[in-house]
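Undergrad: fold the following.
(one chain, ligands or ions: 1)
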Amino acid sequence: MMAEHIDKTRLNNDIRYRFDFISKLIDFSQDDVTRLNSLAPIITPLLPVVIDSVYKKLFAFDTTKRYFQVRNDGFEMFTPNKELGITLDIVQTEFRKDMLSVYLKSILTQREWNDSFLEYLSRVGQIHTNKGGSASINVDYIYMNALFCFLEQLLSDIVWNSEGLQYNDKREGMRAISKFVWIQNDLLTMHFSSTWNSGSTCQSIPIAKLTKCLFI
Ligand code: HEM
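TA: Numbers count the residues shown, from 1 in each chain. Okay, here's the model as predicted:
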């Protein structure tokens, strides 16, 4: 079999090329996207539970909790009110829970993983490094890696336990979720790596700064 040539420079400069390569390697196709779309009505009602579990985990350890005590973009003017129980971490966490919900919904409802969607996924990855979002946020990869696993299991469990799905739909649904997680993982790790040319990332995708905290 002839080996397909892969241009290493493009892998590190062109997000579409990189995504297409990974997709071929892990057999991620439009079928998986459609699969994720078909899971939306099953998973979406349970997203609040998923998000609560994620945050319970992140708050269970001081090493992960501390990221939520750092002041982020958009929260500069925030004044805590201890008597009312309005502290920076509580307010920021509520804001991030919403962002996580928007993110997971978009994964489930996006019908075409076009360039701007890839840029969005890349921005979500980048925001956790010191290259995007608040300069102070630089989540160590050890936590990201573990959380991807935890998130994958939460989503897969919903599919596995769903009563409305045939055995094969469950299997394919869980595979599509797994592939999405590993794609997102790549679109995160490339920002940690020095080989990715971050200058080529589209800066026109606004994230984090687009909403002001309602409590301010
Ligand atoms: C499964 C892995 C993860 C996913 C899918 C994820 C997803 C997200 C999303 C969608 C946002 C909001 C981006 C926006 O503003 O639109 C965000 C922000 C954030 N995440 Fe994560 N996250 C993950 C893991 C983690 C971990 C492990 C931590 C810390 C221990 C963390 C800490 C943060 C912080 C501090 C922000 C706010 C960044 C800022 O506002 O500048 N995340 N994340």
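Undergrad: which other helices and strands contact the helix or strand containing residue 99?
TA: Here residue 99 is covered by helix 88-109, with elements defined by DSSP states H and E. Where contact means 3 or more Cβ pairs under 8 Å, 6 or more residues apart in numbering; DSSP states H and E, helix 88-109 is packed against helix 30-43, helix 47-58, helix 115-126. Every residue, glycine included, has its C-beta placed from N, CA and C.
Undergrad: of all the ones you listed, which lies closest to residue 189?
TA: Minimum separation from residue 189 across those (Cβ to Cβ) falls at helix 115-126, 7.7 Å.
Undergrad: what about that closest one, near the ligand?
TA: Yes: using Cβ under 6 Å from any ligand atom, we find that helix 115-126 touches the ligand at residue 124.
Undergrad: pLDDT of the helix or strand immediately after that helix in the chain, averaged?
TA: Reading on from helix 115-126 to the C-terminus, the next helix or strand found by DSSP H and E is helix 141-161. The pLDDT scores in helix 141-161 average 97.
Undergrad: from the contact counts, what lies against the following helix or strand past helix 141-161?
TA: Next along the chain after helix 141-161, taking DSSP H and E as the criterion, comes helix 167-192. In terms of contacts (3+ Cβ pairs under 8 Å, 6+ apart), helix 167-192 is packed against helix 15-26, helix 30-43, helix 115-126, helix 141-161.
Undergrad: from residue 42, how far out is the nearest residue to residue 15 once chain neighbours are set aside?
TA: What sits nearest to residue 15 in space, not counting adjacent residues and going by Cβ to Cβ, 6 or more residues apart in numbering, is residue 118, at 5.1 Å. Separation of residue 118 from residue 42 (Cβ to Cβ, to the nearest Å): 25 Å.
Undergrad: dump the lowest-mean-pLDDT helix or strand in the chain to CSV, restricted to CA.
TA: In the chain, no helix or strand scores lower on mean pLDDT, DSSP states H and E than helix 88-109, which sits at a mean of 84. This file holds the C-alpha atoms of helix 88-109, laid out as CSV (Å, rounded to 0.1, in the frame of the first residue of the first chain):
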residue,chain,number,x,y,z
LEU,A,88,-15.0,35.6,43.0
ASP,A,89,-14.8,31.8,42.6
ILE,A,90,-18.5,31.3,43.0
VAL,A,91,-19.4,33.9,40.4
GLN,A,92,-16.7,32.9,37.9
THR,A,93,-17.6,29.3,38.3
GLU,A,94,-21.3,30.0,37.5
PHE,A,95,-20.1,31.8,34.4
ARG,A,96,-17.8,29.0,33.3
LYS,A,97,-20.5,26.4,33.9
ASP,A,98,-22.5,28.2,31.3
MET,A,99,-19.6,28.3,28.9
LEU,A,100,-19.0,24.6,29.3
SER,A,101,-22.7,24.0,28.6
VAL,A,102,-22.6,26.2,25.5
TYR,A,103,-19.5,24.2,24.4
LEU,A,104,-21.0,20.8,25.0
LYS,A,105,-24.2,21.8,23.2
SER,A,106,-22.3,23.0,20.2
ILE,A,107,-20.4,19.7,20.0
LEU,A,108,-23.7,17.9,19.9
THR,A,109,-25.5,20.2,17.5
